[in-house]
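Visitor: Predicted structure and sequence below. I'll ask about it afterward.
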Amino acid sequence: MTATRQQERSDATRARLMAATVDCLVERGWSGTTTTVVAQRAGVSRGAQLHHYPTREELVLAAVAHLGAARFADARQRAAALGPGRTAAVLDMLADLHTGPLFRAMLELWVAARTDDALRAAVVPLEAEVGRETHRLTVELLGADESRPGVRAAIQQTLDLVRGLGVSGLLSDDSVRRRHVLADWAEHLDTRLEA
């Protein structure tokens, strides 16, 4: 087998493991996401899983980081198509980032990391990186000038709002209320950014 073909197979195995890990986190939570369950769900051997990710922590963190990067790439592509009413569209996109499977998987990690020192040591830097990238993306998409008074605070309030809406939607469908809240906040945010 050529080195290129071997690399393609290895990449495909990792991709299946990444997707299966996030699915397991969302469906089964941290305690139910074992390396054995993930390998079975991904359709790969236990040996292949261990070759790529020797521990559950490495597997889960790699999956969240990988899918986080994919979500940001998707958000950037969607942003390229935004037209009039840009602020409302950006808020909708941010809400999507904070209500989807990746966000739910991250929440599982946050809760588990609260009482697991080793996991917390790995999750905190990952979450900080995701937070910085989300902040940077939001500033870029809104064309916000953070050197102006109050703008940085408005961006952080926006991110706190969409994160809170993501948490509030975990147990029931609050999409109607979320749309109203975001529409109201878009008007408020436009005023803050233009002031």
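Guide: Received the coordinates, thanks. Bear in mind that the values here come from a model prediction, so they are computed numbers and not experimental data. Numbers count the residues shown, from 1 in each chain.

Visitor: By mean pLDDT, which helix or strand of the protein comes out lowest?
Guide: helix 56-80 (a mean of 79; mean pLDDT, DSSP states H and E).

Visitor: what packs against that helix?
Guide: helix 3-32, helix 35-42, helix 86-97, helix 101-113, helix 117-142 (3 or more C-beta pairs under 8 Å, 6 or more residues apart in numbering; DSSP states H and E). Bear in mind the C-beta positions are built from the backbone N, C-alpha and C, glycine included.

Visitor: Give me the distance from the third one to the chain's centre.
Guide: Distance of helix 86-97 from the chain centroid (C-alpha atoms, centre = their mean, to the nearest Å) equals 14 Å.

Visitor: Report the buried residues of it.
Guide: The neighbour-count check on helix 86-97 (16 or more other C-beta atoms under 10 Å) flags 87-97 as buried.

Visitor: what does the fourth one give?
Guide: For helix 101-113, the buried set under the neighbour-count rule, 16+ other C-beta under 10 Å, comprises 102-109, 112-113.

Visitor: Quick one: those as JSON lines, columns for distance to residue 19 too.
Guide: Formatted as JSON lines, the buried residues of helix 101-113 follow (distance: C-beta to C-beta, whole Å):
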{"residue": "102", "distance to residue 19": "11"}
{"residue": "103", "distance to residue 19": "16"}
{"residue": "104", "distance to residue 19": "14"}
{"residue": "105", "distance to residue 19": "11"}
{"residue": "106", "distance to residue 19": "15"}
{"residue": "107", "distance to residue 19": "18"}
{"residue": "108", "distance to residue 19": "16"}
{"residue": "109", "distance to residue 19": "16"}
{"residue": "112", "distance to residue 19": "20"}
{"residue": "113", "distance to residue 19": "22"}
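
Visitor: of those residues, closest to residue 45?
Guide: Nearest to residue 45, judged by C-beta to C-beta, of the buried residues of helix 101-113 is residue 105 at 23.6 Å.

Visitor: distance of that closest one from residue 160?
Guide: 20 Å (C-beta to C-beta, to the nearest Å).

Visitor: Ok, residue 123 next?
Guide: Distance from residue 123 to residue 160, by C-beta to C-beta: 19 Å.

Visitor: circling back: which residues sit against the least confident helix or strand of the chain?
Guide: With contact meaning C-beta atoms under 8 Å, 6 or more residues apart in numbering, helix 56-80 is reached by 14, 17-19, 21-22, 25, 30, 33-35, 38, 49, 52-53, 90, 93, 97, 100-102, 105-106, 109, 118-119, 122-123, 126, 129-130, 133-134, 137, 141.
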